[in-house]
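> one predicted model, sequence on top.
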Amino acid sequence: MVLLALTVTTSALLADCSTSRTAAAGAPSPSSGVVAALGPGPTAPAPTSSGSPSVRPSGTTPRDAGTMQPYAFTGAGRLAAEARRARPLVYVPEQLAGTVQVIDPRTYAVIATRRVPRSPEHVVPSADLRRLWVNSDAGNALTPIDPRTGAVGTPVPVRDPYNLYFTPDGRSALVMAERLRRVDVRDARTMALRRSLPVPCAGLNHADFTADLTRMLVSCEFSGDLAELDASATRVVRIVDLNHVRTPGATRPADARSMGGPAAMLASGATSMPQDVRLSPDGRSFLVADMLRNGIWVLDATTFHVTRFVRTGLGAHGIYPARDARRVFVSNRGEGSVSVLDGGTLRRLATWRIPGGGSPDMGGVTADGSELWFSGRYDSCVYVLDTVTGRVTHRIRVRPGPHGLLVWPQPGRFSLGHTGNMR
């Protein structure tokens, strides 16, 4: 076993979403954070540039897509032509309610409630940005939304779509069929099944691609593993077992199981629950949130070896780069906070706490970079934070079980999936 020595104090907080607007959260509380290193880590944030990017032609892999600068085209306001046609809206899939609620980001009001197939998990922009897909795993369907109007279309039968990604050439959809333990490769437009890739781990759900778009890393939540695949999902290259790397301050598996929810499905012997996966701003590392270890794994994006672990907070869950890629935001669902990391060093700059607690899950940064939106998974609300001060400016009441919230449109030339993994 490798011991990563670090200590950080956290506390669990829970609260109801009692009002549509909150009082100020106060100034962010800087903290140095403690980072345990196993090797060299990221060194510099990605630069951004101005102008409107164009969506890459279908069927081409952009080898110039910012190797070591993966977020070069996702800076503030850099909307592709197709994204500019979208009506600015926030889509909230509500797993327990079986609905998607639509929020106007100008008024912070819920303006529509749409019934969709059972257990909607995430709302995902298509590779070409022309439609949004609601993933309903228990409902075995992907439901299209027209981003220009917000209108919901006819559900497409698809087995077990917990999450959705796209091959970098834009031709294929990669359905994370968590229950079936496989990646289903489908036509990106029609969702017709092409083939399936069994993956030998449990809880297949989140992913991201290397800077050169040739390989991908997938998290396996319930077995404590990560899977390296080629970008077209034709083969499993390796399985990375996180369970044998010790990180003091982790939640005991028995305690996690007793809390219910997803943790109740943790496999016997598993001590890790990897969640969101994002490439670091310099493209040299993968960042993997772990809600059982309460922080971020750092893996070398060339060797796929663990190099560091960064403690953030209880129930680390979602990872979102700022528009200038100089900071990375991490939602800590178990304690109701957001950790702010330096995009280059991953040093913890601040911890923003939701007043009264909360359960920030998945979300996104607005196109102009001024706001950070999160679903409150266990509090039936959505939180809006100012990305400069960390102040919670709004709490918006929604229906039960809000999960993979999508802020749309977002900058970038094309979508790799999830709630806006843009390049």
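Yep, that arrived.
> which ones are touching residue 265?
Counting by CB atoms under 8 Å, 6 or more residues apart in numbering, residue 265 makes contact with 202, 203, 222. All C-beta atoms are positioned from the backbone trio N, CA, C, and that covers glycine.
> out of those, which is nearest to residue 170?
When the contacts of residue 265 are compared for distance to residue 170 (CB to CB), residue 203 wins out at 27.0 Å.
> in CSV: the contacts of residue 265, plus distance to residue 410.
As requested, the contacts of residue 265 are exported to CSV (distance: CB to CB, whole Å):
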residue, distance to residue 410
202, 31
203, 27
222, 29
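> next, format those as JSON lines and append neighbour count and pLDDT.
As requested, these are exported to JSON lines (neighbours: other CB atoms under 10 Å; pLDDT from 0 to 100):
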{"residue": "202", "neighbour count": "18", "pLDDT": "98"}
{"residue": "203", "neighbour count": "25", "pLDDT": "97"}
{"residue": "222", "neighbour count": "21", "pLDDT": "97"}
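> which residues of the stretch 201-350 of the chain fall in helices?
253-258 (DSSP state H, counting those that start in this stretch).
> might you list the low-confidence residue ranges for it?
Along the stretch 201-350 of the chain, the model assigns pLDDT under 70 to residues 259.
> which residue ranges of it form strands?
For the stretch 201-350 of the chain, strands defined by DSSP state E, counting those that start in this stretch occupy the ranges 204-209, 215-220, 225-230, 236-241, 245-246, 274-279, 285-290, 295-300, 306-311, 316-321, 327-332, 337-342, 348-353.
> now the second one and strand 204-209, what's the angle there?
Strand 215-220 and strand 204-209 are oriented at 160 degrees to each other (axes from the mean of the first three to the mean of the last three CA atoms, to 10 degrees).
> same for strand 215-220, what does it pack against?
Applying 3 or more CB pairs under 8 Å, 6 or more residues apart in numbering; DSSP states H and E, we find strand 215-220 packed against strand 204-209, strand 225-230, strand 274-279, strand 285-290.
> and those as TSV, adding mean neighbour count and distance to residue 354?
Putting the helices and strands packed on strand 215-220 into TSV (neighbours: other CB atoms under 10 Å; distance: least, CB to CB, whole Å) gives the following:
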stretch	mean neighbour count	distance to residue 354
strand 204-209	27	22
strand 225-230	21	29
strand 274-279	26	18
strand 285-290	27	17
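> list the contacts for residue 148?
85, 86, 87.
> residue 260 versus residue 210, what's the distance?
Distance check for residue 210 against residue 260: by CB to CB, to the nearest Å, it reads 36 Å.
> count of neighbours near the residue nearest to residue 312 when sequence neighbours are not counted?
Spatially, and ignoring its direct neighbours in sequence, residue 312 is nearest to residue 339 (3.9 Å; CB to CB, 6 or more residues apart in numbering). By other CB atoms under 10 Å, the residues close to residue 339 number 27.
> quick one: which of residue 210 and residue 260 has more around it?
The neighbour comparison of residue 210 against residue 260 (other CB under 10 Å) goes to residue 210, with 21 against 8.
> of the contacts of residue 148, which is the nearest to residue 295?
residue 86 (34.5 Å).
> quick check, that closest one in contact with residue 410.
No. Between residue 86 and residue 410 there is no contact, the gap being 9.4 Å when judged by CB atoms under 8 Å.
> quick one: which of the contacts of residue 148 is nearest to residue 232?
Of all these, residue 232 sits closest to residue 86, with 28.0 Å by CB to CB.
> which SS state does the closest one fall under?
Three-state assignment for residue 86 (DSSP: H, G, I helix; E, B strand; the rest coil): coil.
> could you count how many residues lie near residue 84?
11.
> distance of it relative to residue 412?
Going from residue 84 to residue 412 by CB to CB gives 12 Å.
> and if you look at residue 278?
13 Å.
> do the same with residue 161
Taking CB to CB, one finds residue 161 at 22 Å from residue 412.
> please apply the same query to residue 294.
Applying CB to CB, the value for residue 294 to residue 412 is 30 Å.
> tell me the SS of residue 368?
coil.
> burial count for the residue nearest to it when sequence neighbours are not counted?
Spatially, and ignoring its direct neighbours in sequence, residue 368 is nearest to residue 76 (5.2 Å; CB to CB, 6+ apart). Neighbours of residue 76 under the rule other CB under 10 Å: 17.
> make 29 the first number, not 1, from now on.
With 29 as the first residue, the last one maps to residue 104.
> so what's residue 104 up against?
Shown in contact with residue 104 (CB under 8 Å, 6+ apart): 76, 351, 352, 395, 396, 397, 439.
> isn't the third one right next to residue 396, touching?
No. In terms of CB under 8 Å, residue 352 does not count as a neighbour of residue 396; the distance is 11.5 Å.
> who has more neighbours out of the two?
Taking neighbours as other CB under 10 Å, residue 352 and residue 396 compare with residue 352 leading, 17 against 11.
> show the pLDDT at residue 60.
On pLDDT, residue 60 comes in at 35.
> for residue 228, same thing?
Note on residue 228: pLDDT of 98.
> same thing with residue 52?
The model reports residue 52 with a pLDDT of 34.
> again, but for the one 3 residues further on
If you check residue 55, the pLDDT there is 34.
> gap between the closest residue to residue 323 other than its chain neighbours and residue 237?
Nearest residue to residue 323, sequence neighbours excluded (CB to CB, 6+ apart): residue 339, at 4.2 Å. With distances taken as CB to CB, residue 339 is found 26 Å from residue 237.
> try residue 432
Residue 432 is 18 Å from residue 237, where distance means CB to CB.
> swap in residue 327?
Remark: distance between residue 327 and residue 237 (CB to CB) = 13 Å.
> same question, residue 285
Distance of residue 285 to residue 237, computed by CB to CB: 32 Å.
> now stretch 227-245 - C-alpha only, PDB.
Provided in PDB are the C-alpha atoms of stretch 227-245 (Å, rounded to 0.1, in the frame of the first residue of the first chain):
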ATOM      1  CA  VAL A 227     -15.900  -3.200 -18.900                       C
ATOM      2  CA  PRO A 228     -14.800  -5.400 -15.900                       C
ATOM      3  CA  CYS A 229     -15.800  -3.000 -13.100                       C
ATOM      4  CA  ALA A 230     -18.900  -1.800 -11.300                       C
ATOM      5  CA  GLY A 231     -20.600   1.600 -11.400                       C
ATOM      6  CA  LEU A 232     -19.400   2.800 -14.800                       C
ATOM      7  CA  ASN A 233     -20.400   6.400 -15.000                       C
ATOM      8  CA  HIS A 234     -18.100   9.500 -15.600                       C
ATOM      9  CA  ALA A 235     -15.300  10.000 -18.100                       C
ATOM     10  CA  ASP A 236     -13.000  12.400 -19.900                       C
ATOM     11  CA  PHE A 237     -10.400  12.300 -22.700                       C
ATOM     12  CA  THR A 238      -6.700  13.000 -23.000                       C
ATOM     13  CA  ALA A 239      -5.600  16.300 -24.500                       C
ATOM     14  CA  ASP A 240      -4.800  14.600 -27.800                       C
ATOM     15  CA  LEU A 241      -8.200  12.900 -27.800                       C
ATOM     16  CA  THR A 242      -6.800   9.400 -28.200                       C
ATOM     17  CA  ARG A 243      -7.700   7.800 -24.900                       C
ATOM     18  CA  MET A 244     -10.300   8.100 -22.200                       C
ATOM     19  CA  LEU A 245     -10.500   7.500 -18.500                       C
END
